[in-house]
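Asks: Just need the structure, nothing else, for what follows:
(one chain, ligands or ions: 1)
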Amino acid sequence: MTQFPANPPSRRAIVLYGRASFDHGQTLKALASALAARHAARGEAVTVATAHADLSGPALPGVLADLERDGVTEALVIPAMVPADPSLSAWLPGALSHWAATTGTAMAGTAMAVRLAPPVESALDLPAALDRIALNSNAGGPADALAKDVRGTEPSLGKPGWSAIPEHGRQVFVCVGARCLHRGAEPLYHHLRAAMKGHRALNAGPRRAMCARTSCLYPCNRGPLLVVQPDAVWYGDLTPGKIDRIVAGHLLSDTPPAADILHRNRPAERAEDDPMG
Ligand code: FES
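Replies: Got it, this is the predicted structure:
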């Protein structure tokens, strides 16, 4: 967890909840540092921490748990992503309430008060920010803010290697949408990557499998989840043990662990004159 100051003397905390890159060259960490400095200048003892809604982690539940363990009694969560994510904003209040009710002493609820602020985007003066960029882009502005003529860059739509279709027998799509991350997808994704890497058969040859991250796949309540294609087999409520069984059973032995399967899509029915049939 990134937090300012590093050793929190305070009982209050602010958690900036955003994506790894908040704005061009302005990371969430830098924002947290600046916010902490402002509070310090006013003589206010506040810990400022960051939590991420993308795979860069750490996820919000872990950060809140760390703060509570450090003795924080009041945490203010500020969604700090631009553009704001409306579906995230609709989901977050309930998810935080769930965390507060099920975490803490004997999973009976946290003693720490958790409040949720409106998203920062509603407070941003974007037209003024855009105007500032436009002004600074012209000759006379700071050197690193000047706009560059695109003709100074080699024309290209991609690197040569990007035309080759990888020869994968299977693709494993792991959801790293905000809700699955909230339910612990980040360490599970890394667990899967490590488990797959450990098997040569999954890196070359007919069993070669690709692991890819996706945004929300929709059955969020069953997250963290993944789907193995082209077999169309879904696994939900993932755990490290379940992932190990998927790798050993499904990917290495073509035997999906039946007890762990959440859902199987029926194969698409094709019309006789379907050119794909
Ligand atoms: S966020 Fe993973 S299924 Fe919705």
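Asks: any idea how far the spatially closest residue to residue 139 that is not a sequence neighbour lies from residue 128?
Replies: Among residues not flanking residue 139 along the chain, residue 146 sits closest, at 7.1 Å (Cβ to Cβ, 6 or more residues apart in numbering). For glycine as for every other residue, the C-beta is placed from the backbone atoms N, C-alpha and C. Using Cβ to Cβ, to the nearest Å, residue 146 is found at 20 Å from residue 128.
Asks: Those two: which is more packed in?
Replies: Comparing residue 146 with residue 128 by neighbour count (other Cβ atoms under 10 Å), the higher total belongs to residue 146, at 13 against 9.
Asks: Worst mean pLDDT across the helices and strands of this structure, which element?
Replies: Within the chain, no helix or strand scores below strand 21-23, which has a mean of 55 by mean pLDDT, DSSP states H and E.
Asks: Show me where the chain has its strands.
Replies: All strands of the chain, identified by DSSP state E, fall at 3-4, 12-18, 21-23, 26-27, 46-52, 74-79, 113-116, 170-175, 209-214, 226-229, 233-235, 261-264.
Asks: possible to save those strands as CSV with distance to the ligand and mean neighbour count?
Replies: Shown next, in CSV, are those (distance: least, Cβ to the nearest ligand atom, whole Å; neighbours: other Cβ atoms under 10 Å):
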stretch, distance to the ligand, mean neighbour count
strand 3-4, 26, 22
strand 12-18, 15, 24
strand 21-23, 20, 16
strand 26-27, 23, 14
strand 46-52, 14, 25
strand 74-79, 16, 20
strand 113-116, 19, 16
strand 170-175, 3, 21
strand 209-214, 8, 16
strand 226-229, 9, 21
strand 233-235, 10, 21
strand 261-264, 11, 14
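Asks: Kindly report which one of those strands carries the lowest mean pLDDT.
Replies: Across these, strand 21-23 has the smallest mean pLDDT, namely a mean of 55.
Asks: What separation is there between the residue nearest the centre of the chain and residue 190?
Replies: With distances taken as Cα atoms, centre = their mean, the residue of the chain nearest its centroid is residue 54 (1.6 Å). In this view, residue 54 and residue 190 are 14 Å apart by Cβ to Cβ.
Asks: just to revisit the earlier point, so the residue nearest to the centre of the chain makes contact with residue 177?
Replies: No - look at residue 54 against residue 177 with Cβ atoms under 8 Å: they stay out of range, at 9.2 Å.
Asks: tally of neighbours for the closest residue to the ligand within the chain?
Replies: Closest residue of the chain to the ligand, Cβ to the nearest ligand atom: residue 177 (2.6 Å). Neighbours of residue 177 under the rule other Cβ under 10 Å: 22.
Asks: Would you agree it is in contact with residue 213?
Replies: No - Residue 177 is beyond contact range of residue 213, at 9.4 Å (criterion: Cβ under 8 Å).
Asks: Just give the number of residues close to residue 188.
Replies: Using other Cβ under 10 Å, residue 188 has 23 neighbouring residues.
Asks: residues touching it, list them.
Replies: Going by Cβ atoms under 8 Å, 6 or more residues apart in numbering, residue 188 touches 174, 224, 238-240, 243.
Asks: try it again with 7 Å
Replies: Counting by Cβ atoms under 7 Å, 6 or more residues apart in numbering, residue 188 makes contact with 224, 238, 240, 243.
Asks: tell me the pLDDT at it?
Replies: At residue 188, the pLDDT value in this model is 96.
Asks: Outline the domain layout of this structure.
Replies: Annotated domains of the chain cover 3-123, 167-264 [automatic domain parsing].
Asks: so what's residue 63 closest to, chain neighbours aside?
Replies: For residue 63, the closest residue by Cβ to Cβ, 6+ apart turns out to be residue 51, at 4.1 Å.
Asks: No more questions from me, cheers.
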